[in-house]
Every structure is written in C-alpha cells, then in structure tokens.
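Asks: test case, fold it:
(2 chains, ligands or ions: 2)
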Amino acid sequence: MRDAITVRNLSYTYPDGTKALEEISLEVHEGERVAIIGPNGAGKTTFLLHLNGILHGTDGQVEVFGKSADKEKREDIIKDVGIVFQDPDDQLFMPTIFDDLAFGPINLGLPEEEVRERVEKALLTLGLSDYENRCPHHLSYGEKKKAALAAVMSMEPKILVLDEPTANLDPRSRAELIEIIKGLNEREGITIVTATHDVNAVPELADRVYVLNKRITAEGTAQKIFSDVELLKETDLEVPEVFKLFEVLQCFGYNCEELPLSIDDAIEHLTRTVENEGGHIHLHIHKHTHDEVKKLKSKYEHHKTNK
Amino acid sequence: MIEYPEIDRYASLDSPMHRFDPRAKIIAFIFLIFSVVLIPDLKIAFIGLFFAIFLLILSRIPIFFVLSYMKWVAMFVLSFFIILAFTFPGEELAKFYFLSVTAEGLYTGSLITIRAFSAIILIFPMIGTMRFDTTIKALDRLKVPNSLVQILMFTYRYIFVFVDEFQRIWTAMESRGFKLRTTLYALRTIGNAMGMLFVRSYERAERVYQAMRSRGYTGNPKTLVEFEIRMKDYLLAVSIIGFAISLHVVSFVGVV
Ligand SMILES: Nc1ncnc2c1ncn2[C@@H]1O[C@H](COP(=O)(O)OP(=O)(O)OP(=O)(O)O)[C@@H](O)[C@H]1O
Ligand SMILES: [Mg+2]
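Replies: Ligands and ions are numbered 1, 2, ... in the order given. Model prediction:
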C-alpha cells in the first residue's frame, strides 16, 4: 500500500522561539486511520498545519503521495489534503453555508455545475440538506462543526485531517460525527488523520496511534499504547473508560488478554468469553482483589498526584 | 445582552420591495438617496420624505424597528438642527440673550433634517428587505471592487463572533463582581478587556486566514448566485429613478 503521508525529521519553531515540533517522523498509509494524541500544547495543531503546506518545517520534510508539501504548488496539496479546524467559527468564514461549501470547489476552478453538485453531495453526506441558506452564526455548535466538515468534504480530499473533531460536542452530536467520519473512511476509502485528546474516541477513529509530545514518543495500535502505563504517565494521557472497566473486571477474576477499548469491542469480547466458558462469566473476590483494585485506581490517578 | 446588529431581521417578509431584484433595487435606491439628500427646496424635501415613508410602508418592515435605529440618527441630526437654527445669519425671529434664531437658520436646519431622515428611512426598504449576504453578492455582481466586497463579507460574518466574544469577556468580568463605574479602576479594567478582545481577534484572524488558505484562497473569492431580473424589476427601478429625477426637475423649474 502506498504512503499517503510521509514525514521525515520535521522540526518547527515558531517565530517567537517556541519549539513546537522536534524531529517528527511518521507515515500514514493510504486508506488508514491514524490518531495523533498528546496533551495540550503538545504541538498537534502545529503538526497538522504542516500537512497541507500552511506551515513549513524549519527542518525536515513532508510528502503527500510522494509529492513534497514544500516544493509542489500548494494547490495540488490542498486538493488532496482537507483540514478541518478545531473551532468551526474559524472555518466557516462565508456568509452562508452554501457559499462556504462552494468556496473550496470554486477555488479549485471547477465549473459551476460541478460546484453545485459537490455542495449538494457534501450537504447530503453530513445530513445538512436543509441548511444550505442558513448563516453560520445562527447554527448550534454541533451543526457548525458538521458544516465545517462538509466545507472540506466538498473539495473531495483523499486525506482528511481533523483537529479535535469531538471536542465540545454533546453525546449525540459526538456519536453522529464519529459515525460520519468512520463512514467516509469505509465507504470512500478516505485516509483519516485525527488529532485529539478524547481518548474514548480514539478506538473508533483510528487503527493506529502516534503519541506526540513535541516529538513522537510512541507508535502502535490503540491497544498497545493504552496498555503502556509509563508512557501514559509521562505524557499525561487518559485511557478509554471501557478499557479501565475491563481492568477492574480483571481484578475480579475476569479472564482476558487483550482488553477491549470500545463498547463494540466489549460486546464482542464478552460474547466470546461467555461462549468459551459455557454460557456465563465467572467473577469473584479473591484475597488480592482489593489490593489490585486499589493499585489500579492509583495507577489512573497520576493526573492528580503528579501535579 | 448586547444586541446583534441585524439590519436584515425582516428579510424573510414578503412585499414588492422584498421581491425586487437585488441589483436593480440597490441601483434605484442609491439613485433615490442621492437625489433626496441633494434637494435644495424644503417643500420638495417633504415630498421626498413622504415617498421614502411610502416605500417603507410598502416594504412592511415594522415601524418600531426603524424607529429603534432612527433614535440615534435623530439625536445626531437634531443637534445639527439646533446649531444651524441659532448660528445661520439672516432675519432674526427670536432672541435668547445673545443667541438669535433666524428664519434662514430654521429653513436650512429643517431642510437638512428632512433630507437626513429621508435618506435613513430609504436604507430600510433597500437593504432591510433582503438578507445581508444577498446584498453583498448583489454588490459583487454590480462590480463593486472585490476588496470592498470582501471587507463587507467578512465584517458581516465576524461581527457576530466578535459580539459573542465580547459578551463572554463581559460576563466573566461581571461574574467576578465587576461593575461599570467611572472610577479609574473600572476604566483600566475595561481597557484590559478591550486589549484582550483585540488580541483574541488578531489570533482568530490568523486562524481564519489559515483555514482560507487551506481551501485555496488566493485573494478573490467568488460566490455563486442566481439573480433573475424581470420586466417588473426594470419598471420598478425606472419609476423610482424617474421619481428621483423629477424631484430635481420640479425644484429647478420651481413649479411647486
Ligand atoms: N502562533 C504561535 N506563536 C507562538 N507559539 C505558538 C503559536 N501557536 C502555538 N504556539 C505554541 O506551540 C506549542 C504547540 O501548540 P499547538 O497549538 O500546536 O498544541 P496542541 O497540541 O494543538 O494543543 P491543544 O491540545 O491545546 O490544541 C504550544 O506551546 C503553543 O503555545
Ligand atoms: Mg490544538
């Protein structure tokens, strides 16, 4: 499979001297879903801005489908990489939703007919068909967030880059958005790069995870990353609630090697275990249970104790 | 709460003014506004005012909405009226100590007041009868310089964000016991808040610009819009412009 994004030794220092990225190397394969997680100020947003040539590394290089994001005409990169920014008010800058969705395709130089088709399609994908003529300032935050994604989708990028897609959303909007993003990957094969600290969304949005804290401190499946206690402590990261729950269950004698990360995983896991163990699961309190639970709890309190 | 500046609040009503093609409407009204502010004769200025009010009524925009804007204009214009009435040289009508009211002063003051009111009233049937984004697009189609169109477009979009941002800062200040007084402390705090607002806007501008570049902004954003000008639009525009011209013909010939 070819690489959608290849980053080599990328470093970036802001003009005021803030070192935001140091020696980043990573790759994202075509059709893959990758999450970049890290604490506030880790440089996630800064990194994403390199992916379509908005920022240029002080050192190192970024390639998109083998083309350098520095040298090539920016237009080419923009066509392939769509970035959805964290704050939808930054992204929806045109007077109406229609204008905003049409903005990208018009800039690509598409004929009017095709611009309209693309806008229609993006509205449909995001379930915003009635919003065409609405003004952004009259929309709810969740609707704005969807509209911002639609505005990027209308450019039909091959790679979709999302900065905190689930931040500040209510549970329903959050679930909807996650489903939409998953769908885009499954149905249209769009490569997805998500920067987030919503760890509960990571298992749903990513096959592979990079931990970023100015530099890349770890890489692997969500499974592997969330099992690495030291790493999590170092980078001040959380673990999905489902994962924690199953660790608790382990203390009560539940038998499993790979802990599930999401509800879907958990259902599958429980079903398998119940079937294997003859129709029920066996939990009990043994002499170490309380100690283990205590240990487990202190493990996840590093946020409080460290500070 | 601070109110949003929504000149287009009644854009969704239906009236002949609402159905008027945006481009024809803008041209006809701008013509009429210029005509009205240049009227040299008080009686004809009144005719202009009545016509403005007629168009306003035709647009079905509620009067109280117009009045809420007019009160600020009125304060400004009436101060002019008073200054003119007392300072314009001419035939003395009354005298208060060393200040005297002149007939010419009253005349000129009234003329300016009436012209100003007419012009302001005409703004409402013009841009209050379509959504502001339509106005912007119409201006763009009328070949108004693109940079001006962009300034309007982004101002219109971000004034709301700006108001929200100010509201947040203000609420945060009030919820920590800040009260608006004329003490040095209060003024300094407001100064800080303004500075804060400025910094936030600057940072936002930077992020918006990044988002724009990410979607291929090169300096001339275009919009798609379907305007359809019909016979009745031409007729309406021509009648309004005709009326505007006749106001001046009449005052020139001096029929009234
Ligand atoms: N325009 C700028 N000028 C100077 N420094 C900046 C600028 N933007 C960000 N930084 C700094 O660069 C570092 C990385 O910021 P960045 O916004 O990329 O982090 P992030 O991981 O996206 O954080 P968050 O999770 O809060 O969004 C921070 O220390 C930040 O203060
Ligand atoms: Mg960020």
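
Asks: could you use CA atoms for every contact and neighbour count after this?
Replies: Noted.

Asks: can you tell me the element residue B:133 falls in?
Replies: helix B:132-141 (DSSP states H and E).

Asks: what about the residue sitting nearest the centre point of chain A, which SS state?
Replies: The centroid of chain A falls nearest to residue A:194 when counting by Cα atoms, centre = their mean (2.4 Å). State at residue A:194, reduced to three classes by DSSP: H, G, I helix; E, B strand; the rest coil: strand.

Asks: circling back: against which helices or strands is the helix holding residue B:133 packed?
Replies: helix B:22-37, helix B:146-174 (3 or more Cα pairs under 8 Å, 6 or more residues apart in numbering or on different chains; DSSP states H and E).

Asks: these: which one's closest to ligand 1?
Replies: helix B:146-174 (18.9 Å; Cα to the nearest ligand atom).

Asks: is any residue of that closest one near chain A?
Replies: Yes. Using Cα under 8 Å from any Cα of the partner chain, helix B:146-174 comes into contact with chain A via B:153-154, B:156-158, B:160-161.

Asks: in stretch A:251-260, what's buried?
Replies: Residues of stretch A:251-260 classed as buried: A:251-254, A:259-260 (neighbour count, 16 or more other Cα atoms under 10 Å in any protein chain shown).

Asks: contacts for it next, please.
Replies: The contact list for stretch A:251-260 (Cα atoms under 8 Å, 6 or more residues apart in numbering or on different chains) reads A:223, A:242-243, A:246-247, A:250, A:266, A:269, A:273, A:281-286, A:288-290, A:292-293.

Asks: which among those residues end up buried?
Replies: A:223, A:242-243, A:246-247, A:250, A:266, A:269, A:273, A:289, A:292-293.

Asks: deepest-packed of the helices and strands packed on helix B:132-141, please.
Replies: helix B:22-37 (a mean of 21; mean count of other Cα atoms under 10 Å in any protein chain shown).

Asks: secondary structure class of the residue of chain B found nearest ligand 1, three-state.
Replies: Nearest residue of chain B to ligand 1, counting by Cα to the nearest ligand atom: residue B:203, 7.8 Å away. Under three-state DSSP, the three-state class of residue B:203 is helix.

Asks: bridging residues for residue A:5?
Replies: Following DSSP bridges, residue A:5 is listed with bridge partners residue A:28, residue A:64.

Asks: what about it, neighbour count?
Replies: For residue A:5, the neighbour count with other Cα atoms under 10 Å in any protein chain shown is 23.

Asks: ok, now how distant is the closest residue to residue A:32 other than its chain neighbours from chain B?
Replies: Excluding the flanking residues, the one nearest residue A:32 by Cα to Cα, 6 or more residues apart in numbering or on different chains is residue A:191, at 5.2 Å. Distance from residue A:191 to chain B, counting by Cα to the nearest Cα, to the nearest Å: 17 Å.

Asks: and what of residue A:149?
Replies: Relative to chain B, and taking Cα to the nearest Cα, residue A:149 is found at 12 Å.

Asks: pLDDT of the host helix or strand of that residue, averaged?
Replies: In the assignment (DSSP H and E), residue A:149 maps to helix A:141-153. The average pLDDT for helix A:141-153 rounds to 94.

Asks: contacts for that helix?
Replies: Counting by Cα under 8 Å, 6+ apart, A:82-85, A:87-89, A:91-92, A:97, A:100-104, A:122-123, A:125-126, A:128, A:136, A:165, A:169-170, A:173, A:177, B:215 sit against helix A:141-153.

Asks: enumerate the residues of chain A near ligand 1.
Replies: A:14, A:16, A:18, A:20, A:39-46 (Cα under 6 Å from any ligand atom).

Asks: hang on, the earlier thing: residue A:78: which of the helices and strands packed on helix B:132-141 is closest?
Replies: helix B:146-174 (22.1 Å; Cα to Cα).

Asks: which strands and helices lie in contact with the closest one?
Replies: helix B:132-141, helix B:184-214.

Asks: rerun at 10 Å
Replies: Under the contact criterion of 3 or more Cα pairs under 10 Å, 6 or more residues apart in numbering or on different chains; DSSP states H and E, helix B:146-174 touches helix A:88-91, helix B:132-141, helix B:184-214.

Asks: pLDDT of the shortest one, averaged?
Replies: Taken as a whole, helix A:88-91 has a mean pLDDT of 91.

Asks: is chain B contacted by that helix?
Replies: Yes. Judged by Cα under 10 Å from any Cα of the partner chain, helix A:88-91 and chain B are in contact via A:88-91.

Asks: which of the helices and strands in the chain ranks last by mean pLDDT?
Replies: I'll assume chain A. Ranked by mean pLDDT, DSSP states H and E, the weakest helix or strand in chain A is helix A:302-306, scoring a mean of 55.

Asks: chain B is the one I meant
Replies: strand B:92-96 (a mean of 75).

Asks: now do the buried residues in stretch A:263-280.
Replies: Going by 16+ other Cα under 10 Å, stretch A:263-280 has these buried residues: A:265-266, A:269-270, A:273.

Asks: please list the residues outside that stretch that contact it.
Replies: Applying Cα atoms under 10 Å, 6 or more residues apart in numbering or on different chains, the contact partners of stretch A:263-280 are A:200, A:203-204, A:241-243, A:245-246, A:254-256, A:258-260, A:262, A:281-282.

Asks: swap the cut-off to 7 Å and go again
Replies: Stretch A:263-280 is contacted from outside by A:242, A:260, A:281, using Cα atoms under 7 Å, 6 or more residues apart in numbering or on different chains.

Asks: what ranges in chain B fall below the confidence cut-off?
Replies: Applying pLDDT under 70 to chain B flags the ranges B:1-3, B:255-256.

Asks: if we can go back for a sec, could the contacts of stretch A:263-280 go into CSV alongside pLDDT?
Replies: Putting these into CSV (pLDDT from 0 to 100) gives the following:
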residue, pLDDT
A:242, 85
A:260, 84
A:281, 81
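
Asks: and the residues of chain A next to ligand 1, which are buried?
Replies: Using 16+ other Cα under 10 Å, the buried ones in the residues of chain A next to ligand 1 are A:20, A:39, A:42-46.

Asks: okay but residue B:157 is in contact with residue A:90, surely?
Replies: No. Residue B:157 lies out of contact with residue A:90 (Cα atoms under 7 Å); the separation is 10.6 Å.

Asks: re the thing from before, save the helices and strands packed on helix B:132-141 as a markdown table, and put in distance to residue B:234 too.
Replies: Converted to a markdown table, those look like this (distance: least, Cα to Cα, whole Å):
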| stretch | distance to residue B:234 |
| --- | --- |
| helix B:22-37 | 7 |
| helix B:146-174 | 25 |
